[in-house]
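S.K.: Everything below, folded, please.
(2 chains)
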Amino acid sequence: MLKLCNVSISFGGLTAVDKLSMEIEGNSITALIGPNGAGKTTVFNLISGVFTPEEGIIEFNGRKISGLKPYQIHAIGIARTYQNIRLFNEMTVLENIMVGQHSKKKCGVIQDMLRTKSQRKEEHKMLNNAMDILEFIRLSDFINEKAKNLPYGQQKKLEIGRALASDPEVLLLDEPVAGMNATEKTEVMKLIFDIRKLGKTIILVEHDMKVVMGIADVIYVMDYGRLIAVGEAAKIQKDPIVIEAYLGGE
Amino acid sequence: MDNILKPKSSSSFQIKWIMLIILGGVLPFIFLGDPYVLILLCTTEISIIAVSGLDILFGYCGQISLGHAGFYCIGAYTSAILSRNLGMPVFITIPIAGFFAMIIGILLALPAAKLVHHFLALVTISFGEIIYLFVSQARGLTEGYTGMNFIPRPKIGGIIFTSNTSYYYVIYGILVILLALKQNLVASGTGRAFVAIREDAHAANGMGINITKYKTMAFAISAFYTGIAGALYAHLIGFISPETFTSNQSTLFLTMLLFGGMGNFWGPIIGSAILVIITEFLQKLGSYQMLIYGAILLLVIIYIPGGISKGLNLQLFFKKSKRGKIAC
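M.R.: Below is the predicted model:
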């Protein structure tokens, strides 16, 4: 459903992503791993439209999406979280989720200002939907809390919820368990499984191997912007090229 | 858990509206229609409209404007020229003035929506200067530094709003409508998009918000409000000249907003009221006024960064009365 064909991008002579091809199946969990600086987050930025690939194309359900702006890509069903939390700090937890539903909004600014009947109805629907999502990510107790006041782990979860709010087909999670303790990690792993049960496709970048091996159906390993291995957890763990990339050869 | 849902707009008739309506309606009677006080009250209300416009742009959407006197000026001259020179009814020229300011706002947003921080500040400063220079030089249209005189008061059917008391209520009605529209806006999806852009434009873009479109929208609405305020001002005083629309006026709007508090209902109201009074007392100081504003601005930014309304915790006070009310 999501296809990257020979995608490349470079920044001032440094090739961050080099002829990368990926094919992601629907309703799967795909992990993207690799040493620091391998270009994993750049891949996310390419898929979500922050960067436009210099070469190659990205297709989503048969439609070319490379070259679209981030907000357009979000609207066609690819939502993401960020490596360094990027919540709307001064907004409440509920409002953060409701911003996440922006792509679903149909009422224009005039209707918003006049609070027409259809606008109230839409707002009501968004509110209920947001409440469901908060229940789903187990943050219902913090509805009116400002995002910046949440503890780190909850902020990470709120970001996942905000991405989920638009009911996307594909969810890109950039290091969803970074900096969490063991209990929180288990919680997020369970959450990711639950999200897959909703029929969503998940791609994650993660450094925590236990988490990656535990949840990913397919693992892509990158090093210096190139793909060095693809496969299931068991295969990747034994792959000599992967071991070399992580531990250094010879 | 007693803080269940309270989307700000949902209880349609809140205590603040009752307070505002009573306060505004009664004020002229308290001062027994004293013409001097009435002019001050009218000026305050006009300032509230202009500052509310600035609040939408700066307080909610996070885009600074140091050139709002430009929109104020456009509104004033548009309505004055249309009503006096072309004889159009004032109740039509005021909205036209607002819409014309809005179009200019959209044009300004073409470059401004792409800029942030000091670059945006510079562009808006130059916008204010361009408008000022235009009205002072385009003598055929605006009569230059001589200023425009005999700008008529509005009339409907046989009623002419010549007395300050009656015109006060015209301004007051427009003020209440515009404040209500602003409250609806900021509690809606569009308002959330504005705040999201203020908080983190990059993430907002990633959440499906078309940044350029929404920034342009904020500029347009903000310009509309300030343009309406300018038009009301022209018909209040009956005389306008370029001197009213210098960059000092932009600074004054910004001081009012920062002093009262950004991004909330009471901020523009309190800020405008206090600053209009201070301005009256400082009238004698002439050009030294700006010195005092500068000092006020500095003190507020250092000691009460959220402005008076946050300093007094007005938000909290009003929230209490809403507690426990479940929206929808």
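S.K.: list the buried ones in the longest helix along chain A?
M.R.: Identified as the longest helix of chain A according to DSSP state H is helix A:117-136. In terms of neighbour count (16 or more other CB atoms under 10 Å in any protein chain shown), helix A:117-136 has its buried residues at A:119, A:120, A:122, A:123, A:126, A:127, A:129, A:130, A:131, A:133, A:134, A:136. Just so you know, the C-beta spots here come from the backbone N, C-alpha and C atoms, and that holds for glycine as well.
S.K.: swap in stretch B:80-92?
M.R.: So for stretch B:80-92, counting by 16+ other CB under 10 Å, buried means B:80, B:81, B:82, B:83, B:84, B:90.
S.K.: just the strands in the chain please.
M.R.: Chain wasn't specified; assuming chain A. Secondary structure of chain A, counting by DSSP state E: strands at A:2-11, A:14-24, A:29-33, A:55-60, A:63-64, A:78-80, A:170-174, A:201-205, A:218-223, A:226-231.
S.K.: you looked at the wrong chain, it should be chain B
M.R.: Going by DSSP E, chain B shows strands at B:155-156, B:159-160.
S.K.: avg pLDDT for the first one?
M.R.: When you say that, I think you mean strand B:155-156. Strand B:155-156 carries an average pLDDT of 84.
S.K.: Which one, of the strands of chain A, ends up nearest to chain B?
M.R.: Closest to chain B of the strands of chain A is strand A:78-80 (CB to the nearest CB; 6.0 Å).
S.K.: so what does the closest one touch, helix or strand wise?
M.R.: If contacts are counted by 3 or more CB pairs under 8 Å, 6 or more residues apart in numbering or on different chains; DSSP states H and E, strand A:78-80 sits against helix A:40-47, helix A:152-164, strand A:170-174.
S.K.: so which of the ones you listed gets nearest residue A:92?
M.R.: helix A:152-164 (10.3 Å; CB to CB).
S.K.: in the closest one, what counts as buried?
M.R.: A:153, A:154, A:155, A:156, A:157, A:158, A:159, A:160, A:161, A:162, A:163, A:164.
S.K.: Distance from the chain centre to the longest helix of chain A, please.
M.R.: Its chain's C-alpha centre and that of helix A:117-136 lie 23 Å apart, by CA atoms, centre = their mean, to the nearest Å.
S.K.: now check that helix, is it near chain B?
M.R.: Yes - legend: contact between helix A:117-136 and chain B by CB under 8 Å from any CB of the partner chain is shown at A:119, A:122, A:123, A:124, A:126, A:127, A:131.
S.K.: Looking at these, spot the one nearest residue A:227.
M.R.: So of these, ranked by how close each gets to residue A:227 (CB to CB), first place is residue A:126, at 39.5 Å.
S.K.: isn't that closest one right up against residue A:102?
M.R.: No - look at residue A:126 against residue A:102 with CB atoms under 8 Å: they stay out of range, at 9.3 Å.
S.K.: and for the two, which residues touch both?
M.R.: residue B:189 (CB atoms under 8 Å, 6 or more residues apart in numbering or on different chains).
S.K.: For the residue nearest to the spatial centre of chain A, list each beta-bridge partner.
M.R.: Chain A has residue A:172 as the residue nearest its centroid, 1.8 Å off, counting by CA atoms, centre = their mean. Under DSSP bridges, the beta-bridge partners of residue A:172 are residue A:80, residue A:203.
S.K.: okay, it: pLDDT?
M.R.: The predicted structure lists residue A:172 with a pLDDT of 96.
S.K.: in terms of contact, does it touch residue A:78 like I think?
M.R.: Yes - using CB under 8 Å, residue A:172 makes contact with residue A:78 at a distance of 6.7 Å.
S.K.: list the residues that contact both of these two?
M.R.: Between them, residue A:172 and residue A:78 share the contacting residues A:47, A:48, judged by CB under 8 Å, 6+ apart.
S.K.: hang on, the earlier thing: quick one: which two of the buried residues of stretch B:80-92 are the most distant?
M.R.: Maximum distance among the buried residues of stretch B:80-92 (CB to CB): 12.1 Å, for B:81 and B:90.
S.K.: tell me which residues of the helix or strand of chain A with the lowest mean pLDDT are tucked away?
M.R.: When each helix and strand of chain A is scored by mean pLDDT, DSSP states H and E, helix A:240-247 comes last, with a mean of 86. For helix A:240-247, the neighbour count (16+ other CB under 10 Å) marks A:242, A:245 as buried.
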